[in-house]
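**Student:** Mind looking at a prediction? Sequence and model below.
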Amino acid sequence: MTDFHIRPGDEVAEALRAGRPVVALESTIVSHGLPRPENLRVARQIERAVRDVGAVPATIGMVGGRLVVGLDDAELTRLATADGVAKLSVRDLAVAAATGADGATTVAATSAVAAAAGIRVFATGGLGGVHREAAQTFDESADLTTLARTPIAVVCAGVKSILDVGATLERMETLGVGVVGYRTRRFPGFFVTDGGFDLDWSVDSPEQVAAVLAARAAHGVQTGGLVVANPLPVDEQLDRDLHDRTLADGLARLERAGVTGKAVTPYLLAHFHSATQGASLAVNVRLVLRNADLAARIAVAAARSAA
Ligand code: PSU
Ligand code: MN
């Protein structure tokens, strides 16, 4: 383990040493993806959901330049409430460390750090992907290119409908990122159950995902990540009409406001949460908690089969 920069909290380090199940969690969703003050409450709930199934949560983030795997409650509180918490992708980690910054890690950075720390399962809300108009703007999340080279299973509710979902799936194919639906052959669209595209594979149980991870390790051929796409049940998704209206409005505002680059995702998420009077927030929280639960079950199954 490269614990020069990555200093796991005692509990996480001990669990990894003993081969007990550990689930990585990201902090960008806390600092930039959810409104305050709910963000801190939800961050704690996500950790609780992992613990409830018998796994150890390891929320990852940067505190005063120190890259932490397994933030303690004071650190989590700081990243949820402080001003000026940076949004850190992989390329930002070293600069943030050297300048003593506070930062929240994206899916890309969290995956890279978790894998380096020996964690094999990661739960988040939605993956970053290819943005609409990417053919002009080149805006494609580093989540995809990082997963191309990072051996970790990411449990998510697909990608947000604010992205070009079809292009994101095509890029994952090109990049060699595995995608399986959890009890579905339709790729989920985050707030909505069905993102509009078919998947080649579906798995039925945490044990089956653990078997995929074991086969990958045995083959030694696939070097990148595995996306486990876990849709919300239809009766828990955001109302489709409300969703479509809010999205159209959000995209128009984005263009008028001239928002680009890494501000795009937080801007659109904040728009959804305010324009739907909290309906999208409730949906967002539900799906993250479901993903944390599934990821923990996968980690438990993987630890059992390795024992
Ligand atoms: N999806 C969400 N909420 C989020 C994000 C994605 O539902 O907060 C965050 C994740 O941390 C993801 C990042 O890695 O946004 C992607 O940002 P970008 O598109 O700038 O790569
Ligand atoms: Mn981007």
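**Tutor:** Received it, and whenever you're ready, just let me know what you need. Ligands and ions are numbered 1, 2, ... in the order given.

**Student:** Residue 166 contacts residue 198, doesn't it?
**Tutor:** No: taking contacts as CB atoms under 8 Å, residue 166 lies outside contact range of residue 198: 10.6 Å. Backbone N, C-alpha and C define where each C-beta goes, glycine included.

**Student:** tell me which residues in stretch 262-281 are buried?
**Tutor:** By neighbour count on 16 or more other CB atoms under 10 Å, the buried set for stretch 262-281 is 262, 264-269, 271-273, 275-276, 279-281.

**Student:** Next SSE downstream of the helix or strand containing residue 216?
**Tutor:** Taking DSSP states H and E as the definition, residue 216 sits inside helix 206-219. For helix 206-219, the following helix or strand on the C-terminal side (DSSP H and E) is strand 226-229.

**Student:** for this protein, which residue is closest to the average position?
**Tutor:** Residue closest to the mean C-alpha point of the chain, counted by CA atoms, centre = their mean, is residue 124 at 3.0 Å.

**Student:** where's that one relative to ligand 1, distance?
**Tutor:** 6 Å (CB to the nearest ligand atom, to the nearest Å).

**Student:** Pull up the gap between the residue of the chain found nearest ligand 1 and residue 206, please.
**Tutor:** The nearest approach of the chain to ligand 1 comes at residue 33, 2.4 Å away (CB to the nearest ligand atom). In this view, residue 33 and residue 206 are 25 Å apart by CB to CB, to the nearest Å.

**Student:** any idea which element residue 251 lies in?
**Tutor:** Residue 251 belongs to helix 240-257, assigned by DSSP H and E.

**Student:** Tell me if that helix is near ligand 1.
**Tutor:** No: using CB under 6 Å from any ligand atom, helix 240-257 stays clear of ligand 1, coming no nearer than 12.5 Å.

**Student:** Next, report how far the helix or strand just after that helix is displaced from the centre of its chain.
**Tutor:** Using DSSP H and E, the helix or strand that follows helix 240-257 in sequence is helix 264-275. Offset of helix 264-275 from its chain centre (CA atoms, centre = their mean, to the nearest Å): 17 Å.

**Student:** what's helix 264-275 in contact with?
**Tutor:** Residues from elsewhere that reach helix 264-275 (CB atoms under 8 Å, 6 or more residues apart in numbering): 32-35, 87, 128, 131, 139, 141, 160, 162, 191, 246-247, 249-251, 253-254, 257, 259, 280-281, 284.

**Student:** Show me which residues of this structure are close to ligand 1?
**Tutor:** So the chain meets ligand 1 at 26, 28-29, 32-33, 106-108, 125-126, 128, 141-143, 160, 190, 262, 265, 269 (CB under 6 Å from any ligand atom).

**Student:** one more time with 5 Å, if that's ok
**Tutor:** 28-29, 33, 106-107, 125-126, 128, 141, 143, 262, 265 (CB under 5 Å from any ligand atom).

**Student:** could you check the distance from residue 21 over to residue 167?
**Tutor:** 34 Å.

**Student:** Between these two, tell me which one has more neighbours.
**Tutor:** More crowded of residue 21 and residue 167, by other CB atoms under 10 Å: residue 21, with 25 against 16.
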